[in-house]
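K.L.:
got a structure for you, letters missing:
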Ligand code: AGP
């Protein structure tokens, strides 16, 4: 997703801007650019591809100036070209960067072109530069220009604008897309998230929707959309030791796969009370009042929600519905049977999930944000936060955040079940004891890299693959298919094992890879039969299972085992080989493992 950074009042600011852009690389992008205010007007450099290309340009012709803005672009409107890269400049007097989508850009562009404005890109964002140019040319002050432009645009945006007549001033504004202002000693900063700023300052102002601010070296004045000054709290963010590094691994994703024992342990600690028993941020009496839960999420987080439904309904006997956030957002849901909505989001910034959570809140549901990024928009807007403690997840493909989400959700389900009287404290503590074994068991499962490497090698030539799972393992099959797709670009589909015979089995042909998830438990026999049906038609069965269940599928072509585990927790442990298989397949194929094509780590457009 696009990243925005800016500096006001810092000598030779371009290197600082470039460094902050590097801290936003994890969000995913396909071009970048920087503009600074020099004594001769704007200095502009833009480049397609990685930030290194921009850095090379700046080394050839450095950008002077003590104020500037930078941007990493994830293309929405207009191809990946230098002309479409931000910053956009209008009339050599206004420069802007933008994250989001200006939904009425076509009409605005037509009006501006009719008034004589000449556009140079295919983007929606460029209309912002011309709107500000028009406002300033009409003699408006920065505050008036900001209020005027914001009154004319529709859609999600985080933006920054500069005008050559105001060398030490920047206008910033947001609606739905995140933006933070950092307050330094004699300079001010802006960034799409605190990670871009935390090495520069820890004093941060988070704008609210439709706020705008005039940022100067001595600080920021914040206004609401009507131009009325408002007071926004200055929060202290955690210090950052610098850009998160790979720690000796080949990729962030490989590192984060290996960080899962810690991610699970730290998350479990956040779900354990002072008395050592499972607890949640909701007091026990509030848990007991929960009558129904709506789960809202996207992508991998949605699959975590799907696993949680099995857990919560089986343990707590509370009905759960799992909603794809982008669908729920525009539905007219009937919410009477539910009392709360849990928005699950690693980044806490997925706009689909944020807007779905707002929609649920407007429908009267209590909102809980299960997020991995403290201070994220979902965390700040939810009625209550239930944190995962996986640490920064840089790889675009989610790994440790997913198993951390599962850890938080099984803990929540168990605490909810006890609060509802569906299980007694002995059973609660028994499950808690099992969860506490997860870090060491995941650690043992991580040893399967070498066992999986040859399987990944074979998978690199596949045109397609199926993932099958039953019961709590069905969502893990969906997650496995997503991992393979998003990392190695091989088409893959996940199915509930029992669903194959209702049509998808027609896909089975000689040698088709079928990655099958199986665990001991009530449905193991049925799941094994479903695999037999696929094997009998020529599928190449790659079985991922517990040690004790391996013999159940003696017709598998490849077998990867993990330690035996309580059936309730099998989804957490079986995910590990699924992640490793996707990682090694992508690594063999030579794709961009940490930033796969077309993807962004945090999707802040609808
Ligand atoms: C996960 O591997 C994907 N990169 C993607 O599906 C992701 O889970 C989804 O975009 C939701 O992100 P969030 O958890 O930050 O809201």
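P.N.:
Done, it's in. These numbers come from a predicted model, not from an experiment.

K.L.:
which one is the residue of the chain found nearest the ligand nearest to, not counting chain neighbours?
P.N.:
Residue nearest to the ligand within the chain: residue 299 (1.9 Å; Cβ to the nearest ligand atom). The way it works is simple: take the backbone N, C-alpha and C, and place the C-beta from them, glycine included. Once flanking residues are discounted, residue 299 sits nearest to residue 482: 6.7 Å by Cβ to Cβ, 6 or more residues apart in numbering.

K.L.:
The one you found: what's it in contact with?
P.N.:
Counting by Cβ atoms under 8 Å, 6 or more residues apart in numbering, residue 482 touches 299, 300, 303, 492, 494.

K.L.:
Straight-line length of stretch 150-167, end to end?
P.N.:
The straight-line separation of the ends of stretch 150-167 (Cα to Cα, to the nearest Å) is 22 Å.

K.L.:
List the buried residues of that stretch.
P.N.:
Residues of stretch 150-167 classed as buried: 150, 152-153, 155-164, 166-167 (neighbour count, 16 or more other Cβ atoms under 10 Å).

K.L.:
now swap in stretch 559-571 and tell me
P.N.:
559, 560, 561, 562, 564, 565, 566, 567, 568, 569, 570, 571.

K.L.:
Report the two of these separated the most.
P.N.:
Pairwise distances across the buried residues of stretch 559-571 peak at 22.8 Å for 559 and 568 (criterion: Cβ to Cβ).

K.L.:
quick one on the thing from earlier: can you report phi and psi for the residue of the chain closest to the ligand?
P.N.:
Main-chain dihedrals, residue 299, degrees, to the nearest 10: phi 50, psi -130.

K.L.:
ok, residue 399 - contacts?
P.N.:
253, 256, 257, 260, 393, 579.

K.L.:
now with 7 Å?
P.N.:
Contacts of residue 399 were listed using Cβ atoms under 7 Å, 6 or more residues apart in numbering, and they are 253, 256, 257, 260, 579.

K.L.:
Could you do residue 180 as well?
P.N.:
Residue 180 touches 190, 191, 193, 194, 197, 204, 205, 206, counting by Cβ under 7 Å, 6+ apart.

K.L.:
if we go to 10 Å?
P.N.:
4, 158, 172, 174, 189-198, 204-207, 235, 237, 375 (Cβ atoms under 10 Å, 6 or more residues apart in numbering).

K.L.:
which of those are buried?
P.N.:
4, 158, 172, 174, 189-198, 204-207, 237, 375.

K.L.:
circling back to that earlier point, tally of neighbours for the residue of the chain closest to the ligand?
P.N.:
Look at residue 299: counted by other Cβ atoms under 10 Å, it has 23 neighbours.

K.L.:
Isn't residue 314 up against residue 427?
P.N.:
No. With contacts counted by Cβ atoms under 10 Å, residue 314 stays clear of residue 427, the gap being 11.9 Å.

K.L.:
Show me where the stretch 1-150 of the chain has its helices.
P.N.:
Counting by DSSP state H, counting those that start in this stretch, the stretch 1-150 of the chain has helices at residues 14-22, 51-60, 105-114, 126-137, 142-152.

K.L.:
which of the ones you listed sits most buried?
P.N.:
Comparing these by mean neighbour count (mean count of other Cβ atoms under 10 Å), helix 126-137 comes out on top with a mean of 25.

K.L.:
how much distance is there from that one to the middle of the chain?
P.N.:
32 Å (Cα atoms, centre = their mean, to the nearest Å).

K.L.:
For that helix, name the packing helices and strands.
P.N.:
Applying 3 or more Cβ pairs under 10 Å, 6 or more residues apart in numbering; DSSP states H and E, we find helix 126-137 packed against strand 88-90, strand 94-102, helix 105-114, helix 142-152, strand 155-163.

K.L.:
can you tell which of the ones you listed is closest to residue 345?
P.N.:
Ranking the helices and strands packed on helix 126-137 by distance to residue 345, with Cβ to Cβ as the measure, places strand 155-163 first at 15.7 Å.

K.L.:
mind checking how far the closest one is from the chain centre?
P.N.:
Computed by Cα atoms, centre = their mean, the chain-centroid distance of strand 155-163 equals 22 Å.

K.L.:
So what sits opposite residue 384 in the bridge?
P.N.:
Residue 384 has these beta-bridge partners by DSSP bridges: residue 368.

K.L.:
three-state assignment of the closest residue to residue 543 other than its chain neighbours?
P.N.:
Using Cβ to Cβ, 6+ apart and skipping residues adjacent in sequence, the residue nearest residue 543 is residue 556, 3.8 Å away. Secondary structure, DSSP: H, G, I helix; E, B strand; the rest coil: residue 556 is coil.

K.L.:
Please identify the helix or strand for residue 396.
P.N.:
Secondary structure from DSSP states H and E places residue 396 outside every helix and strand.

K.L.:
interface residues of this protein facing the ligand?
P.N.:
Within the chain, the residues that sit near the ligand (Cβ under 6 Å from any ligand atom) are 298-301, 345-347, 350, 353, 396-398, 486, 602-603.

K.L.:
Inside helices: which ones of those?
P.N.:
299, 300, 301, 353, 486 (DSSP state H).

K.L.:
OK, contacts around the last one?
P.N.:
It stands for residue 486. 299-300, 396-398, 492, 582, 586, 591, 596-599.

K.L.:
for the second one, same thing?
P.N.:
Contacts were defined as Cβ under 10 Å, 6+ apart; by that measure residue 300 touches 344, 346, 397-399, 401-402, 405, 475, 478-479, 482-483, 486, 575.

K.L.:
for those, which one is nearest residue 269?
P.N.:
Checking those against residue 269 by Cβ to Cβ gives residue 405 as the nearest, at 15.2 Å.

K.L.:
how deep is the closest one tucked in, by neighbour count?
P.N.:
If you count neighbours by other Cβ under 10 Å, residue 405 ends up with 31.

K.L.:
so which strand or helix has the residue nearest to residue 582 when sequence neighbours are not counted?
P.N.:
Residue nearest to residue 582 in three dimensions, not counting chain neighbours: residue 483, with 3.6 Å by Cβ to Cβ, 6+ apart. Here residue 483, judged by DSSP H and E, is contained in helix 474-488.

K.L.:
so which of the contacts of residue 300 is the most crowded?
P.N.:
residue 344 (34 neighbours).

K.L.:
What ranges does the stretch 251-400 of the chain have for its helices?
P.N.:
Under DSSP H, counting those that start in this stretch, the stretch 251-400 of the chain gives helices at 252-258, 260-270, 284-288, 299-316, 325-328, 351-362, 377-381, 400-419.

K.L.:
Comparing the ones you listed, which comes out most buried?
P.N.:
Most buried of the helices of the stretch 251-400 of the chain, by mean neighbour count (mean count of other Cβ under 10 Å): helix 400-419, with a mean of 27.

K.L.:
Next, the buried residues of the very next helix or strand once past that one.
P.N.:
Per DSSP H and E, the first helix or strand lying C-terminal to helix 400-419 is helix 425-436. Residues of helix 425-436 classed as buried: 428, 429, 431, 432, 434, 435 (neighbour count, 16+ other Cβ under 10 Å).
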